[in-house]
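1. dropping a prediction and its sequence here:
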Amino acid sequence: MFFALSKILQYLYSPLIWIVILFILSISIKKEKVKKGLRITVFVMLLIFSNPLIINVCLSSWEQERTPETELAECYDYGIVLTGMIFYDTENDKIEFGQSTDRILEAVRLYYTGRIEKIFISGGSGLLLDQTHKESQLLKDYLTSINVPEEDIIIETESRNTHENAVEAAKVLRPTESSNTYLLITSASHFRRAAKCFENEGFAFDSYPVDYCSRKLGANPETWLIPAPSAFATWNMLIHEIAGYVMYDWSGYF
């Protein structure tokens, strides 16, 4: 029930949808005073949510701080990678990588540099209606195709969200019953929620956030003043993460 509800509510996280709704209301409402107020609100919201400086400041304050590799242990038994980075192209029978690809790229790099002994990939299908293609299995198949040894890739294919990632990972790795060491690898904007969920399932881990979206803006006014259409997509992601954190807290997931 929670999974289905979260998928439905995600469409309400978009500031662009809010703006469209308000604009439609400003057209349909007859009272001029209200109409004018709504149009001013729409204009102000467009300025705020398209401004790259505002979203960058908000995002950088939310993202988990970077962990320098010099602060990591020499080697971990498992690097835990959370899925949410690929799409399955049914027409061409292949996977396509999305925004959060740094998660698996960094895991592979850490594996080949000897920082992690094994790669644990957590995640099934995050789609509401189609549970056919399990993302962790698809990623395992991809990694073995580029010569990562199959015996060093462990997966779980049942989880559909971050809470279930932690629950299902705990069933396989049994962190409270072993002395294994873990490195948690996921996107910086997703790390707060992921860390809380894994801590709640008994994991003691070091953090390795990746896939940073915040940037250092240059002195050129174009980088922080000119409206950027891409800012809307970044707001969608940030609001989704903040809302997810709050909903998980309310639901007792951590």
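-> Received it, and whenever you're ready, just let me know what you need.
2. for the stretch 151-254 of the chain, what spans make up the strands?
-> Using DSSP state E, counting those that start in this stretch, the strands of the stretch 151-254 of the chain run over 153-156, 182-187, 205-210.
3. how close does the residue lying closest to Y13 once chain neighbours are set aside get to T157?
-> Among residues not flanking Y13 along the chain, I239 sits closest, at 4.4 Å (C-beta to C-beta, 6 or more residues apart in numbering). (Glycine included, C-beta is placed from N, CA and C.) According to C-beta to C-beta, to the nearest Å, I239 stands 29 Å off from T157.
4. looking at those two, which is more packed in?
-> Between I239 and T157, counting by other C-beta atoms under 10 Å, T157 is the more crowded of the two (19 against 16).
5. got the contact list for L139?
-> For L139, the contacting residues are V81, T83, I86, I95, I104, I121, I155, by C-beta atoms under 8 Å, 6 or more residues apart in numbering.
6. what does the model give it for pLDDT?
-> Note on L139: pLDDT of 95.
7. Y13 too?
-> The model reports Y13 with a pLDDT of 81.
8. from K35, how far off is it?
-> In terms of C-beta to C-beta, Y13 sits 27 Å off from K35.
9. out of those two, which sits in the busier spot?
-> Of the pair Y13 and K35, Y13 is the one with more neighbours under other C-beta under 10 Å, namely 18 against 15.
10. before we move on, back to that, and the residue nearest to Y13, how close does it get to W62?
-> On the measure of C-beta to C-beta, I239 and W62 end up 10 Å apart.
11. repeat for N56
-> Applying C-beta to C-beta to N56 and W62 gives a distance of 11 Å.
12. joint contacts of these two?
-> Contact with both N56 and W62 is made by no residue, according to C-beta under 8 Å, 6+ apart.
13. okay, now the domains of the protein?
-> Segmentation of the chain into domains, based on automatic domain parsing, reads 2-63+223-251, 69-210.
14. mind putting those domains into CSV with distance to K216?
-> Converted to CSV, the domains of the chain look like this (distance: least, C-beta to C-beta, whole Å):
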stretch, distance to K216
domain 2-63+223-251, 9
domain 69-210, 14
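15. any idea which of these scores lowest on pLDDT?
-> domain 2-63+223-251 (a mean of 89).
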